[in-house]
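Student: Structure for this input, please:
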Amino acid sequence: MSSTPTQKTNNYTSNLFKTDSESRSLLGVGFLFIGIIILVNQFFLFDKKLIKWDFIILCIGLVKLLRNQSKNQNWFYFILVGGTFFINRMLDLQIPKQLLWAIDFIAIGTFIIAKGFLNKGQENNTI
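Tutor: The predicted structure follows:
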């Protein structure tokens, strides 16, 4: 039994942002963008209906998708929740929030189950 330390390898070598400074820069640009939009929204240049919590959650999901290039599926949850509430609000669909939350939880549960079955098949093939 050897006691050599193992080095952690970065699994995201093909990541869009390869260094921490690039990731921090993206985060800074994101905060700057959101801050400018909120500031401009205060001066009535945008429709007050546009910038709400669901829009911000949707933007976070899109940033996670671009940053991780689909390797980490957490972006799906942000886009699903933010997107359903954003579309409901922007199109004035009048769907009750309780129904939207139920739809989101069902979709997330189905996604997790499907992902588990797909990963289970891949684990059985490895030795």
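Student: Strands along the protein, start to end?
Tutor: Secondary structure of the chain (DSSP state E): no strands present.
Student: Give the residue spans of it that score low on pLDDT.
Tutor: Along the chain, segments meeting pLDDT under 70 span 1-23, 41, 44-49, 69-70, 121-127.
Student: Quickly list the domain ranges of it.
Tutor: Following automatic domain parsing, one gets these domains for the chain: 19-46, 52-124.
Student: Out of those domains, which one sits most buried?
Tutor: domain 52-124 (a mean of 14; mean count of other C-beta atoms under 10 Å). C-beta: built from backbone N, CA, C; applies to glycine.
Student: Let me see the contact set for Leu99.
Tutor: Applying C-beta atoms under 8 Å, 6 or more residues apart in numbering to Leu99 gives no contacts.
Student: tell me the contacts of Lys52?
Tutor: Contacts of Lys52 (C-beta under 8 Å, 6+ apart): 86, 89.
Student: Ramachandran angles for it?
Tutor: In terms of degrees, to the nearest 10, the main-chain angles of Lys52 are phi -140, psi -180.
Student: Adjust the sequence numbering to begin at 392 for everything that follows.
Tutor: Right, with 392 as the first residue, what we last looked at is Lys443.
Student: which ones are touching the nearest residue to Leu453 once chain neighbours are set aside?
Tutor: In space, and not counting its chain neighbours, Leu453 is closest to Ile470: 6.8 Å by C-beta to C-beta, 6 or more residues apart in numbering. The contact partners of Ile470, by C-beta under 8 Å, 6+ apart, come to 449, 452-453, 456.
Student: Using TSV, please lay out those residues together with distance to Phe424.
Tutor: Shown next, in TSV, are the contacts of Ile470 (distance: C-beta to C-beta, whole Å):
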residue	distance to Phe424
Leu449	13
Gly452	15
Leu453	11
Leu456	16
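Student: and which of those residues is nearest Phe477?
Tutor: The shortest approach to Phe477 among the contacts of Ile470 belongs to Leu449, at 5.4 Å (C-beta to C-beta).
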